[in-house]
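**Student:** what follows is a predicted structure for the sequence shown.
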Amino acid sequence: MRSSISALLARRIGGFMRGRPARVDWPGGVASFTFDDFPKSALTVGGAILEQHGGRGTYYTAMNFAGTERKLGRMFDVEDVAAADRAGHEIACHTLSHLDCRWAKPADIEREIDDNGRALAAMLGGDNAPASFAYPYGAVSLRARRALGRRFATCRGTGLGLNAGPVDLADLLVIILYDHLYDEAAMRHWIDEAQARNGWVIFYTHDVADRPSEFGCTPAQFEAVVAYAAQRMPVLPVRDVAARIIGGGADQPASRAREDARAAA
């Protein structure tokens, strides 16, 4: 995970220059579990754990990673994307090539997002554009935040914290779920805080494996956090929480709406 002066400034100034200001006030709190880059284990292991507890996750997908082998392990393939979508998980945008948005020109960012969207549409069919975005490397600048905040319902960074009260939907905060940083008491604390403050706690990791990468966690760790959250609050994809916050789907989350539409068809 990279850090930069521009990213720090973007977040520190965020209270005055939010790219997409909103307010989180979810009675009893809500949790989301997100995976960057979409290693195969994030679905076959992490997704299965979420489904066992009635939850669904968000997979930030960079389509150039499809079918490759990386330090995160084997990455997703066509069937993984389709299976995740059928199960009600969210397929979200992470640029086409995992572009560092701090230094890229706006036109290059737009092109990457357009190309990634076309590649996803070719896999999934239809023309539904991803509603959610995550900055590769957590690399955000004020310029990128303003531009992407207009295009996506939410953009997620890697800044640490709980999303409660006034927030910037163009740079959502996270709790890191990595093996080498894992502290179960701390994970529970953030869930308890979300419940007490009517907040939104977003966990993020990459692979979920018995021997995870430095950016992943073990199945036991992931299970412990998911189970604790699911006992206390809804566990929803980012798009579903955003739909309620923004006001475009409070009564029927996007995943449920899509399931109903498929059943009707």
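**Tutor:** Noted; the coordinates are in hand.
**Student:** buried sites along the host helix or strand of Val226?
**Tutor:** Using DSSP states H and E, Val226 sits within helix 219-230. Within helix 219-230, the residues scored as buried using 16 or more other Cβ atoms under 10 Å are Pro219, Gln221, Phe222, Glu223, Ala224, Val225, Val226, Tyr228, Ala229, Ala230. Any C-beta I mention is one placed from the backbone N, CA and C, and that applies to glycine too.
**Student:** wait, doesn't the fourth one sit right on Ile49?
**Tutor:** The reference is to Glu223. Yes. In this structure, Glu223 is within contact of Ile49 by Cβ atoms under 8 Å, at 5.2 Å.
**Student:** any idea how far stretch 101-108 is from the middle of the chain?
**Tutor:** A distance of 21 Å separates the centroid of the chain from that of stretch 101-108, by Cα atoms, centre = their mean, to the nearest Å.
**Student:** tally of neighbours for Ile245?
**Tutor:** Other residues within reach of Ile245 by the criterion other Cβ atoms under 10 Å amount to 22.
**Student:** so where does it fall, helix or strand?
**Tutor:** Going by DSSP H and E, Ile245 is part of helix 238-246.
**Student:** which strands or helices does that helix pack on?
**Tutor:** With contacts defined as 3 or more Cβ pairs under 8 Å, 6 or more residues apart in numbering; DSSP states H and E, helix 238-246 has these neighbours: strand 21-24, strand 30-36, strand 90-93, strand 132-134, strand 154-160, strand 200-205, helix 254-264.
**Student:** hmm, who's touching the fourth one?
**Tutor:** By Cβ atoms under 8 Å, 6 or more residues apart in numbering, the surrounding residues in contact with strand 132-134 are 34, 36, 58, 60, 90, 92-94, 113, 148, 151-157, 204, 237-239, 242.
**Student:** pLDDT on that strand, on average?
**Tutor:** Computed over strand 132-134, the mean pLDDT rounds to 97.
**Student:** just checking, next helix/strand downstream of it?
**Tutor:** Following strand 132-134 in sequence order, the next helix or strand is helix 142-151 (DSSP H and E).
**Student:** which helices and strands sit right next to that next one?
**Tutor:** With contacts defined as 3+ Cβ pairs under 8 Å, 6+ apart, the secondary structure elements packing on helix 142-151 are helix 5-12, helix 106-124, strand 154-160.
**Student:** in CSV, list the C-alpha atoms belonging to it.
**Tutor:** As requested, the backbone C-alpha atoms of helix 142-151 are provided in CSV (Å, rounded to 0.1, in the frame of the first residue of the first chain):
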residue,chain,number,x,y,z
LEU,A,142,-7.8,16.3,-5.0
ARG,A,143,-8.2,16.3,-8.8
ALA,A,144,-8.9,12.6,-9.1
ARG,A,145,-11.3,12.7,-6.2
ARG,A,146,-13.3,15.5,-7.7
ALA,A,147,-13.5,13.9,-11.1
LEU,A,148,-14.3,10.4,-10.0
GLY,A,149,-16.7,11.6,-7.3
ARG,A,150,-18.9,12.8,-10.1
ARG,A,151,-18.8,9.6,-12.0
